[in-house]
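>>> I would like to see how this sequence folds:
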Amino acid sequence: MNTPQSPVFTTALRWAAAAAAVLAAGCAGTPPAATSGAAAADMAAGPSTAATPPPPRPAASNTAGQARTFSTQLATYTSVSFDAVPGWARDDFSESWPAFLGSCKVLTGRGAEWKEVCARALRVDSKNNSAIRAFFEQEFSAYQIRDDDRKPDGVVTGYFEPEIPGSRQYAAPFIYPVYGQPEDMLFADARKLPAGNGTVAARVEGRNVVVQTGLSTRDMGAPGLYALDLSGITRDTLDRKVRLRIEGKQLLPYYTREEIETKGAPNARVLAFVSSATALYEMQIQGSGRIKLANGDIIRVAYAEQNGQPFRPTLAQAANGKPRSPVKVRGSSIELQLDDGDEDDDVGDTSTSTIRTRGFTLARPTASGAVLVPGRRTAGPVIGSGIKDPSYVFFKESPSPSGGPVGAFGVPLSAGRSIAVDPRSTPLGYPVFVSTRAPGTGAPMQRLTIAQDTGGAIRGAVRADYFFGNGQQAANNARRMKERGQLWILLPRGLAVATAAVSSAIRTRGGPAGAGLPQCLVPTEGVCVDD
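Residues are numbered from 1 along each chain as shown. Below you'll find the predicted structure:
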């Protein structure tokens, strides 16, 4: 957990100090975002409907509620009043309240601001919509998120908890293993690796790889030393962890999907077997799922780990030869782009040549066959699933038989009120107001959500992925959902933020202007960290 003296808090203070001089010139004295007229009327009606006001905070121009604008590498944040957020006064905040309180169970360990906010949240009437709205307006400041080109519009998609048939035993047609986290997966902190693409000596301490300084390649033969070729690793993962394995005296990147399917994963427990490689792949992209056994029992699985390889799906092609899902590749990340085309023709049709998931239209493999499972004899040649995406997700059994699946934030997801986000621009656990349109009908969908999940397919500053729940209707809505949308993040007043925007000039994607800015709005170990 991160206390006020944690590395996260210390990093935030360093950002604040760097920004103070800039902010003093143009932003000092900027008042906190004003309480909306709706909330003011509620509070005037009497103290019984409003949350207890927070104690005064020291004035500072580098904190949420004081800073008018600030930036990270991927996003710019601009303070707005709650009245300026479309649909704010009409939302039923009581629907979001359980999800917010769930986040508080984790956020209370993230510093004094959150501990105080969550303590006051417990005194709010959970059934009083006006009191909840007033609480958010008193405790938080709203900031609109724009991408690094200062564009407010982004992509809002949907996901769900799939259910697929399976078995505990290996027997046709259940021949595709659902793996748990491999025991031979090792981790190296990319921030501690030397620069360059050379080969270095390293030791293995438990599950961690530690580079040995002062040694040369001549020392590689010493007991306990391994050679790590830096040219073959991916450094820019969000958590800055490099996934590795041992082969002889070498440390290599962990197996790709193709290697796992054709060589097996002998050091990973098999949780179950399923009959469809593409259904398993979709469950991996969704990040959780249910496996229904023949006797009616359900095995619930949640994300455990990933092989460290970049998410590179095979995109379906349109008639003109262009991908049906416009994307932007940035480093090892792939970002879904806005698209005004209509792709609803194949939604819910599992017999077509495409897979619709989390806003992407993916091509189904043209050839699919058996995969190697250690200790099992396969029927027919081992050719793999034919899925070319090198990334691979490992699962763990979830102990919760009811309620929503557990997301990346570690709390159960709430259908319609939990979203998946890119944790670089939208930290997990935070309230986010989303304005978009409902799938199919196009009716305005404007509501307060809580960022409680993420995934390799969710990348980009103005990017949200609604969790629709489970069942066929949820699946249909999630597969159909791909709309324009805008996001406003709610930040606790007094929370130290990233550096101030030093220029009003538009920054282009990948341009040098943002190179000195932090990657993460709020760094959190294991989720998003800066170098």
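>>> on the pLDDT front, check the nearest residue to residue 282 once chain neighbours are set aside for me.
Ranked by Cβ to Cβ, 6 or more residues apart in numbering and with sequence neighbours excluded, the top spatial neighbour of residue 282 is residue 357, at 5.2 Å. Just so you know, the C-beta spots here come from the backbone N, C-alpha and C atoms, and that holds for glycine as well. At residue 357 the predicted local confidence, pLDDT, stands at 93.
>>> partners of residue 357 in the sheet?
When assigned by DSSP bridges, residue 357 has beta-bridge partners residue 360.
>>> quick one, what contacts it?
When contacts are counted by Cβ atoms under 8 Å, 6 or more residues apart in numbering, residue 357 touches 159, 282, 285-286, 457, 479.
>>> now with 10 Å?
When contacts are counted by Cβ atoms under 10 Å, 6 or more residues apart in numbering, residue 357 is found next to 157-160, 162, 278, 281-286, 313, 457, 475, 478-479.
>>> now swap in residue 353 and tell me
Remark: with contacts taken as Cβ under 10 Å, 6+ apart, residue 353 is in contact with 316, 346, 362-366.
>>> and if you look at residue 485?
For residue 485, the contacting residues are 152-157, 338, 434-437, 445-446, 462-464, 466, taking Cβ under 10 Å, 6+ apart as the criterion.
>>> shouldn't residue 101 be within a helix?
Yes: checked against DSSP: H, G, I helix; E, B strand; the rest coil, residue 101 lies within a helix.
>>> so what's it closest to, chain neighbours aside?
For residue 101, the closest residue by Cβ to Cβ, 6+ apart turns out to be residue 121, at 6.5 Å.
>>> I'd assumed residue 98 was in contact with that neighbour.
No: look at residue 121 against residue 98 with Cβ atoms under 10 Å: they stay out of range, at 11.4 Å.
>>> so between the two, which is more surrounded?
Summary of the neighbour comparison: residue 121 and residue 98, criterion other Cβ atoms under 10 Å, with residue 121 having more neighbours (21 against 14).
>>> check the gap between the more buried one and residue 454 for me.
As judged by Cβ to Cβ, to the nearest Å, residue 121 and residue 454 stand 23 Å apart.
>>> let me see the contact set for the residue nearest to the spatial centre of the chain.
For the chain, the residue lying nearest the average C-alpha position, counting by Cα atoms, centre = their mean, turns out to be residue 454 (2.0 Å). When contacts are counted by Cβ under 10 Å, 6+ apart, residue 454 is found next to 238, 287, 303, 407-409, 419-424, 426, 428, 465, 527-528.
>>> burial of the closest residue to it other than its chain neighbours, as a residue count?
Excluding the flanking residues, the one nearest residue 454 by Cβ to Cβ, 6+ apart is residue 408, at 4.7 Å. Residues within reach of residue 408, counting by other Cβ under 10 Å, total 22.
>>> doesn't residue 408 lie inside a helix?
No: the assignment for residue 408 (three-state DSSP) gives coil, which keeps it out of a helix.
>>> that one is in contact with residue 427, isn't it?
No: applying Cβ under 10 Å, one finds residue 408 not in contact with residue 427, separated by 11.5 Å.
>>> overlap in contacts, these two.
Common neighbours of residue 408 and residue 427, counting by Cβ under 10 Å, 6+ apart, are 421, 451, 527.
>>> next, the buried residues of stretch 273-288.
The neighbour-count check on stretch 273-288 (16 or more other Cβ atoms under 10 Å) flags 273-274, 276-288 as buried.
>>> in strands, which of those appear?
Among the buried residues of stretch 273-288, the members found in strands (DSSP state E) are 273-274, 288.
>>> where does the prediction get shaky in this structure?
By pLDDT under 70, the low-scoring segments of the chain are 1-62, 216-217, 340-352, 400-402, 498-515.
>>> can you add secondary structure and neighbour count and give the contacts of residue 353 back as JSON lines?
Converted to JSON lines, the contacts of residue 353 look like this (DSSP: H, G, I helix; E, B strand; the rest coil; neighbours: other Cβ atoms under 10 Å):
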{"residue": "316", "secondary structure": "coil", "neighbour count": "20"}
{"residue": "346", "secondary structure": "helix", "neighbour count": "17"}
{"residue": "362", "secondary structure": "strand", "neighbour count": "24"}
{"residue": "363", "secondary structure": "strand", "neighbour count": "17"}
{"residue": "364", "secondary structure": "coil", "neighbour count": "18"}
{"residue": "365", "secondary structure": "coil", "neighbour count": "18"}
{"residue": "366", "secondary structure": "coil", "neighbour count": "8"}
